[in-house]
Every structure is written in structure tokens, then in C-alpha cells.
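Trainee: structure for this input, please:
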Amino acid sequence: MDVTPGQELSAKGRNKGSRTLVPGRRWPAVRTGLAWSGAVLFPAVTYVTFSDGQQGFDLLMVLASLVLAAVVASLLRRRPLPALASLLLGGVAATMEMRTSEVSYLQVFAGVCAVGYLAAARPRRTSVTAAVLAFTAQMGSLFGFPPDTGCLPGEYGMRNCSSSAWADDSGQSAVLVAVLLIAAWMAGSSARERRTHAEALRSQATARAVTAERLRIARELHDMIAHSIGVIAIQAGVGSRVIDTQPAEARNALATIEATSRETLAGLRRTLVALRRPESEPGAAGGTPDSARATSAPPRDTSAPPPREPAPGLADVDRLAASARDAGVHAEIRRRGESGPLPADIDLAAFRILQEALTNVVRHAGTDTCRVTVERRDGELSLEIEDDGRGGLPAGTGFGLVGMRERVALLHGRFTAGPRPEGGFRVTALLPLPPMEIR
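Mentor: Residues are numbered from 1 along each chain as shown. The predicted structure follows:
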């Protein structure tokens, strides 16, 4: 196949892509080179500007010095010490040619600002080195080229120059410069520490949120699976024992196992779909209302997962009782107080607490009856589960009681669990209701 020169060059460029310089990437390298070229020229341009300034400043030279000073200041963020050295050399060049107090003040001001910025933006070692470098340069200018109060023009230049207070009180001037540099360094270092502390707090808050979310998911999965697996294990044991003598009972046990496993799989699917769905996806919490989506949203993909079903709540307590009854435990449900809707978090927490408590009765109590009391009173929701079994903490004390206690603690409630004096076991949870829910 014939290859044109353009195609050959393109193939070589693809084969040596790491060596070819993309046109869009040339500008940063060129810009960096120009910036450092300006930093190198800055002391010389400043020297010429102030040298000519003794007879009157040239506007173009002043503008050139200001532009190069801005360029050098911008380099402090990338390479702080070389950029600071260029800035200080420019200050020394200015005081060398124009020995006035104003120029000395300007040099000190520039050095103090640079040190404060580096203390706020760079590590402590770099900022301390910058402060020492600035103090050394300014002391060299102060003692090597002390500012004068004024000079009279003569035949061979300036004459009759008298020293200013900077030179007369050099010790005090050095202390003043040191105090200014230390103050700037401390202010910048304090700002850097506050920023670091704020970032650490944000990181800790993020870690706590992730941990809390993991605990929430773990509780949901534990409460969902432990109850169902307990019922399935009991029914499987019953079915294996009576399959030869009582086939009808074995079929009932298998039917209960099928229904419970399907319900558990549906719950797991809801949980996994909720975890994988992005917050901005239609149907997620805080998304667009259904009426708006009906008019503005594109047709929904039919292969997408079905919308999430409502979370369980106290309205499903009878279903828990039926599941416990299938496992051989008759749960007597007692409802007291006024009925009505509850906040979603309290409703779900109450359901999970009852679910876990009934699971413990089925698996550990060794009894065929228990009592479940749900009462709404004086701004709180009371949950109580009692049985007449053998009492004592469940063998191997797993995560069930811990999960219930955590759920109640997150809602600022009270939780107790322990053997009853008259025998059996009691679990009690008191969940405070928001003011709007108090009847």
C-alpha cells in the first residue's frame, strides 16, 4: 500500500507519541521560560531604573520594573527561594543606586510581604530559610548602602550627603526589620496552621460520615438477613424432621422458606439498588418531582432497575408477627396511644428494633410466645418486647443487641435489654418524637 509523506509522519508521531510535543502543550513551557528570563533580568532592570531615576524617572522603565516584579512575585508559588532571591537582589540594586529612606522602606515592605506569603503557603523549613535570606539581604543593604537624608548636586555628582536615622541607629533599624519579618512569618504560619487544621477537620468529618454510612448499611443488612436466615434455619430443621411422617407440615415449612427467602432477596435488591443509584438520578432522594419529570425528562430506559420500594415501618409489624408465627413463636401485638405517621428514620428504626428482638426470641428464648407493645406517649415512642423463655443474654452475643443500641443512640433515645426478675427476657426502647409528632 502506498503511504504518503503526511501519513508516514503521522505514523511516526503515533509511534513516538511520548517524544512529540503537542502544540497545545508548548505554551506552558514557553511561559515558564519567559517568566524565569524576566526574573533574571529584574535586578538589572531595577538597577537601571533607579540609576536613571536620580535625574527623573522614565515611565517606560518604571513600568518594566513593575511588570517584572509582578512576574517574580508569581514565581514565589512554584520556586519560592530562587524567586525570593531575585526579588531581594532587585531591592539591593535599588538601594545601591538611590539611597533614600523611601526606597529602604519599599525594600523592607517587599521582603516582609514575601516572607509572610511563603510562611502561609509553604512548609516551615522553606519559610524560615526565606526569612533568614530576607533579613540577610536587608541588613546588607542597610549597612552597605545606608540611606541618606539628602545630597547637594556638585560638579562631580552628589556631595555633602548626610546619613539618615537608618544609618545612625543601625542597631534599632536591624531590630525593627527583624521584628517585622518575625511578625510577618508568624502571621503567615498561623494562617497555614489554621488552613491545615481546617483541612484535617474536613477529612475527619468525611471519614466519620463514611464510617457512619457503613455502620448504617451494616445494620440494615444484619437486621434484614439475620431475621430471615433464622426463620429459614428453623423451618428447614422442622421440614427435615417431619418430611417422612408429616409431608403436609414439610410442605408448609418449604413454603415458608420460599416466601422468606424471596422477601429477603427483594430487600437486598432494594438496598443494593439504592447504594448504586447516583444522587442526581431520577427517583433518588432530592430528585426532580414526578410531575416535572413527566414533561421534561426523556423516556426512561426499560432495562433500568425498578424504583425503590418504600422502607418498612411499624405498619409492617403484623408481617413480622406472621413470620415469627411461621417459625413457631406466637407474637402478641399490643398497640397503645394514638396512631399516625412517624418520621421515616424513627419508623424504620422502630421496625428494625422489633425485627431484631423477635429474631432473638425465635433463636434464643426457647419459648413459643412473646409480647410486643408499641405505645405512643408524652412525646416519645415506646417499644417493649417480652418473653417467658429461659432469659439471659443470647449465646455468643453478636451484633443484634449492639445494632439495636446504636439505632436508639442515633435517635437520642434510651435502650435497655436484660433478663426479667420473674423469668424471661425484656427489650425496651424509648425513641423521642419531634415536636410536630407529639400529640
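Trainee: count of residues packed around the residue nearest to residue 180 when sequence neighbours are not counted?
Mentor: Spatial nearest neighbour of residue 180, excluding adjacent residues (CB to CB, 6 or more residues apart in numbering): residue 112 at 5.0 Å. In short, each C-beta sits where N, CA and C put it, glycine included. Other residues lying near residue 112 total 21 when counted by other CB atoms under 10 Å.
Trainee: which parts of the host helix or strand of residue 112 are buried?
Mentor: Residue 112 belongs to helix 101-121 when elements are defined using DSSP states H and E. For helix 101-121, burial by neighbour count (16 or more other CB atoms under 10 Å) applies to 103-104, 107-108, 110-121.
Trainee: ok, now stretch 117-134?
Mentor: 117-122, 127-131, 133-134.
Trainee: need the residues that contact it.
Mentor: 76-77, 80-81, 84-85, 88, 111-112, 114-115, 181-182, 184-189, 191-192, 195 (CB atoms under 8 Å, 6 or more residues apart in numbering).
Trainee: which of the residues you listed are buried?
Mentor: Buried members of these, counted by 16+ other CB under 10 Å: 76, 80, 84-85, 88, 111-112, 114-115, 181, 184-185, 188-189, 192.
Trainee: quick check, nearest of those to residue 141?
Mentor: Among the buried ones among the contacts of stretch 117-134, residue 88 lies closest to residue 141 (CB to CB), at 8.8 Å.
Trainee: state the distance from the closest one to residue 110.
Mentor: From residue 88 across to residue 110, the span is 8 Å (CB to CB, to the nearest Å).
Trainee: how about the helices in the stretch 101-250 of the chain?
Mentor: For the stretch 101-250 of the chain, the helices defined by DSSP state H, counting those that start in this stretch occupy 101-121, 124-144, 165-168, 170-242, 247-276.
Trainee: mean pLDDT and distance to residue 47 for these - can I get that in a markdown table?
Mentor: Putting the helices of the stretch 101-250 of the chain into a markdown table (pLDDT from 0 to 100; distance: least, CB to CB, whole Å) gives the following:
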| stretch | mean pLDDT | distance to residue 47 |
| --- | --- | --- |
| helix 101-121 | 86 | 12 |
| helix 124-144 | 86 | 13 |
| helix 165-168 | 54 | 20 |
| helix 170-242 | 80 | 22 |
| helix 247-276 | 73 | 66 |
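Trainee: which one of those helices is the most hemmed in?
Mentor: Highest mean neighbour count among these (mean count of other CB atoms under 10 Å): helix 101-121, with a mean of 20.
Trainee: okay, angle between it and helix 170-242 too, please.
Mentor: Here helix 101-121 runs at an angle of 20 degrees relative to helix 170-242 (axes from the mean of the first three to the mean of the last three CA atoms, to 10 degrees).
Trainee: gap between helix 101-121 and the chain center?
Mentor: Remark: helix 101-121 is offset 36 Å from the chain centroid, using CA atoms, centre = their mean, to the nearest Å.
Trainee: what's the angle from it to helix 124-144?
Mentor: Put simply, helix 101-121 runs at 170 degrees to helix 124-144, going by the same axes, to 10 degrees.
Trainee: adjust the sequence numbering to begin at 20 for everything that follows.
Mentor: OK, 20 is where the count begins now, so the last one is helix 120-140.
Trainee: any idea how far residue 107 lies from residue 81?
Mentor: 20 Å.
Trainee: all strands of the stretch 320-458 of the chain, in order?
Mentor: Counting by DSSP state E, counting those that start in this stretch, one finds strands in the stretch 320-458 of the chain at the ranges 349-355, 388-396, 399-406, 433-438, 444-451.
Trainee: turn those into JSON lines, columns for mean neighbour count, mean pLDDT and distance to residue 271.
Mentor: Output for those, formatted as JSON lines (neighbours: other CB atoms under 10 Å; pLDDT from 0 to 100; distance: least, CB to CB, whole Å):
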{"stretch": "strand 349-355", "mean neighbour count": "13", "mean pLDDT": "90", "distance to residue 271": "16"}
{"stretch": "strand 388-396", "mean neighbour count": "18", "mean pLDDT": "91", "distance to residue 271": "20"}
{"stretch": "strand 399-406", "mean neighbour count": "22", "mean pLDDT": "92", "distance to residue 271": "24"}
{"stretch": "strand 433-438", "mean neighbour count": "15", "mean pLDDT": "91", "distance to residue 271": "32"}
{"stretch": "strand 444-451", "mean neighbour count": "21", "mean pLDDT": "92", "distance to residue 271": "28"}
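Trainee: make a markdown table from the ones you listed and add distance to residue 240 to it.
Mentor: Shown next, in a markdown table, are the strands of the stretch 320-458 of the chain (distance: least, CB to CB, whole Å):
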| stretch | distance to residue 240 |
| --- | --- |
| strand 349-355 | 23 |
| strand 388-396 | 23 |
| strand 399-406 | 21 |
| strand 433-438 | 20 |
| strand 444-451 | 20 |
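Trainee: give me the most central residue, the chain.
Mentor: Nearest to the geometric centre of the chain sits residue 225, at 3.9 Å (CA atoms, centre = their mean).
Trainee: what about residue 366, distance to residue 98?
Mentor: Distance, residue 366 to residue 98, using CB to CB: 60 Å.
Trainee: comparing the two, which shows the higher neighbour count?
Mentor: Set residue 366 next to residue 98 and count neighbours by other CB under 10 Å: residue 366 wins out with 20 against 15.
Trainee: correct me if wrong: the more buried one contacts residue 333.
Mentor: Yes: with contact defined as CB atoms under 8 Å, residue 366 counts as touching residue 333 (5.9 Å).
Trainee: which ones are touching the residue lying closest to residue 402 once chain neighbours are set aside?
Mentor: Leaving aside its chain neighbours, residue 402 sits nearest to residue 448 (4.4 Å; criterion: CB to CB, 6+ apart). By CB under 8 Å, 6+ apart, residue 448 lies in contact with 369, 372, 401-403, 423, 427, 432-434.
Trainee: over to residue 130?
Mentor: Shown in contact with residue 130 (CB under 8 Å, 6+ apart): 106-107, 110, 153, 156-157, 200.
Trainee: thinking again about what came up before, gap between the residue nearest to residue 199 and residue 157?
Mentor: 9 Å.
Trainee: so for residue 373, what's the pLDDT?
Mentor: If you check residue 373, the pLDDT there is 91.
Trainee: try residue 35
Mentor: 47.
Trainee: ok, the one 10 residues further on next?
Mentor: According to the prediction, residue 45 has pLDDT 69.
Trainee: quick check: phi and psi on the closest residue to residue 63 other than its chain neighbours?
Mentor: Among residues not flanking residue 63 along the chain, residue 112 sits closest, at 7.5 Å (CB to CB, 6+ apart). Main-chain dihedrals, residue 112, degrees, to the nearest 10: phi -60, psi -40.
Trainee: verify the contact between residue 112 and residue 84 for me.
Mentor: No: between residue 112 and residue 84 there is no contact under CB under 8 Å: 10.1 Å.
Trainee: spit out the residues that contact the two alike.
Mentor: residue 65.
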